[in-house]
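>>> Generate a structure from the sequence data that follows.
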Amino acid sequence: MLALLTVLTALVCILLMGVVLIQNPKGGGLDSTFGGSKSANQMLGAAQTTDVIEKLTWGLAITLFVLCLLTSLVVGSGSGGDGQPASKTQESSLIISPEDAQQVEQAQTYYYKG
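So this is what the prediction gives:
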């Protein structure tokens, strides 16, 4: 699931970069970028082309946002790639000896009293 979300996120990012690069920063948009204004104006019209690109940009941005949220939920749920919860793999590193536990208690006591 995580691999699928990662691939979809990368694809949406690439598409979003392409759509943003198509836009003209001066407001001309697609009509002045590809072959002059006559051909694009005859096909779609300058205002309509800008609207389509703007809607596509917003749609891709919202899609990217949703994919990022879904990915964080999948990663945050604790399931790794093998289906085991992440806490199970880290559990062995949390076990300490009784001597170490006593030293930690003494250090905490000294720190809070000191």
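
>>> isn't Met1 right up against Val75?
No. With contact defined as C-beta atoms under 8 Å, Met1 does not count as touching Val75 (10.1 Å). For glycine as for every other residue, the C-beta is placed from the backbone atoms N, C-alpha and C.

>>> quick one, helices of this protein?
2-22, 30-33, 37-43, 46-76, 86-90, 98-113 (DSSP state H).

>>> Can you get me a residue count around Met103?
Heads up, residue 103 is Gln, not Met. By other C-beta atoms under 10 Å, 12 other residues sit near Gln103.

>>> no, scratch that, I was asking about Gln102
When neighbours are defined as other C-beta under 10 Å, Gln102 has 10 of them.

>>> low-confidence ranges in the chain?
25-47, 78-94, 111-114 (pLDDT under 70).

>>> cutoff 50 now
40-41, 89-90 (pLDDT under 50).

>>> Number of residues surrounding Leu73?
Neighbours of Leu73 under the rule other C-beta under 10 Å: 10.

>>> whoops, Ile53 was the one
Applying other C-beta under 10 Å, we find 17 residues neighbouring Ile53.

>>> Kindly report the same for Leu2.
Other residues near Leu2 come to 13 when the count uses other C-beta under 10 Å.

>>> Also the one 3 residues further on?
Summarising burial for Leu5: neighbours were counted as other C-beta under 10 Å, giving 17.

>>> so it touches Val66, yeah?
No. Counting by C-beta under 8 Å, Leu5 stays clear of Val66, with 10.3 Å between them.

>>> Mean neighbour count, the helices of the chain: which tops it?
Most buried of the helices of the chain by mean neighbour count (mean count of other C-beta atoms under 10 Å) is helix 30-33; its value is a mean of 18.

>>> how about Leu64, what does it touch?
Contacts for Leu64 (C-beta atoms under 8 Å, 6 or more residues apart in numbering) come out as 9, 12-13, 16.
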